[in-house]
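>>> Provided below for reference: sequence and predicted model.
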Amino acid sequence: MNTLLAPKTAIEHELKKLKNKSYNRVFLILQSSLEFAAMLFEKANQMGLMEKGSVWIITDDIASHLDSMEYSSVTFNMQGVLGCKTSFAETSQAFKRFKSEFQREFELEYPEGGGIENPYPSLLALKAYDSIWIIAHALRKLESQGNFPMDELSKNVVATNHEGLSGKISFKDGRLLEPPTFKIVNVIGRTYNELAYWSPESGFSEKLATQVSSPPKL
C-alpha cells in the first residue's frame with residue numbers, strides 16, 4: 001500500500017513492530033513535519049505506547065512548535081514527551097512587540113481563532129523574520145551603487161552582527177558564530193515544564209525552571 005496515501009496505516013504498522021520488540025522502549029524523533037508528528041503521537045497514544053515503559057524524545061524540529069500548537073489536537077497525545085527546544089529571549093522588548101504584532105495579524109487573518117486560543121510565534125517564525133531583516137539590511141547597503149551584485153550581497157550578509165529575535169546573529173567561515181542554547185522540556189498538561197538548559201560549550205546547566213515564565217495557552 002502506498003504510505004503517502006495511507007500514512008496512518010503505515011504508522012500503525014511500524015509502531016506495531018516496535019511495540020513487539022521490547023518492554024522498555026526509547027523513541028527518538030530526529031526530524032518530522034508537524035502534521036506527521038501529530039498523526040504519530042495520536043496513533044502511539046491509541047496503542048498504549050505513551051504509557052509507562054516508553055520514553056519519547058523530540059528534537060528542535062518539532063519542539064520549536066510547542067508554543068504555537070493547538071492543545072486539543074496535538075499536545076493531548078504528547079503527555080510526558082521530552083524535547084530539546086532552542087532558547088531565545090522571550091522577555092525582550094523586541095520579542096514582545098513582534099508577538100503583539102503577530103497576534104494582531106493572526107486575528108485579522110483568522111477572526112474566529114483558527115482553533116488556537118492564544119497564537120504564539122514559533123522559533124521558525126522568528127528565524128524567518130530575522131532572515132528577511134538581514135537580507136533587507138544587506139540590500140540597503142548596496143542601494144547607492146544602483147545594482148545588487150550577488151557577491152557583494154553575500155559579503156554584506158555574512159558581515160551581519162545583529163541581535164535578532166531568534167538570538168545573536170553573526171557569522172564566521174560562513175556559519176553562525178554562536179551556537180544555540182537548548183531548553184530540555186517535558187510536555188505536561190496544556191504547556192510544558194523546563195527541566196534544564198544545554199549548550200555545546202557548557203553542557204547541561206544547573207539552572208532549573210519549574211514552569212515556563214509566560215506559558216501560552218495551547
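On my side now, so go ahead.

>>> quick check: longest helix of the chain.
In terms of residue count, the longest helix belonging to the chain (DSSP state H) is helix 123-142.

>>> Sort out which residues of that helix are buried, please.
Buried residues in helix 123-142, counted by 16 or more other C-beta atoms under 10 Å: 123, 125-127, 129-130, 134, 138. The way it works is simple: take the backbone N, C-alpha and C, and place the C-beta from them, glycine included.

>>> Mind listing what's buried along stretch 173-186?
For stretch 173-186, using 16+ other C-beta under 10 Å, the buried residues are 180-185.

>>> Outside of that stretch itself, list whatever touches it.
Contacting residues not belonging to stretch 173-186 are listed as 60, 63, 66, 80-87, 158, 167-171, 192-201, 204 [C-beta atoms under 8 Å, 6 or more residues apart in numbering].

>>> how far away is residue 177 from residue 92?
Applying C-beta to C-beta, to the nearest Å, the value for residue 177 to residue 92 is 20 Å.

>>> Give the lowest-confidence helix or strand of the protein, using mean pLDDT as the measure.
strand 175-176 (a mean of 84; mean pLDDT, DSSP states H and E).

>>> all strands for the protein, in order.
Using DSSP state E, the strands assigned to the chain run over residues 25-29, 54-58, 82-86, 161-164, 167-172, 175-176, 182-188, 191-199, 203-204.

>>> Tell me the pLDDT of residue 127.
In this model, residue 127 is scored at 91, pLDDT.

>>> Residue 166 is in contact with that one, correct?
Yes - the criterion here is C-beta atoms under 8 Å, and residue 127 meets it with residue 166 at 4.8 Å.

>>> In contact with the nearest residue to residue 159 once chain neighbours are set aside, which residues?
In this structure, residue 159 finds its nearest non-sequential neighbour in residue 171, 7.7 Å apart by C-beta to C-beta, 6 or more residues apart in numbering. Taking C-beta under 8 Å, 6+ apart, we find residue 171 in contact with 157-160, 177.

>>> Closest one to residue 29 out of these, please.
Residue 29 has its nearest neighbour among the contacts of residue 171 in residue 177, at 28.8 Å by C-beta to C-beta.

>>> mind checking how far the closest one is from residue 140?
Distance of residue 177 to residue 140, given as C-beta to C-beta: 22 Å.
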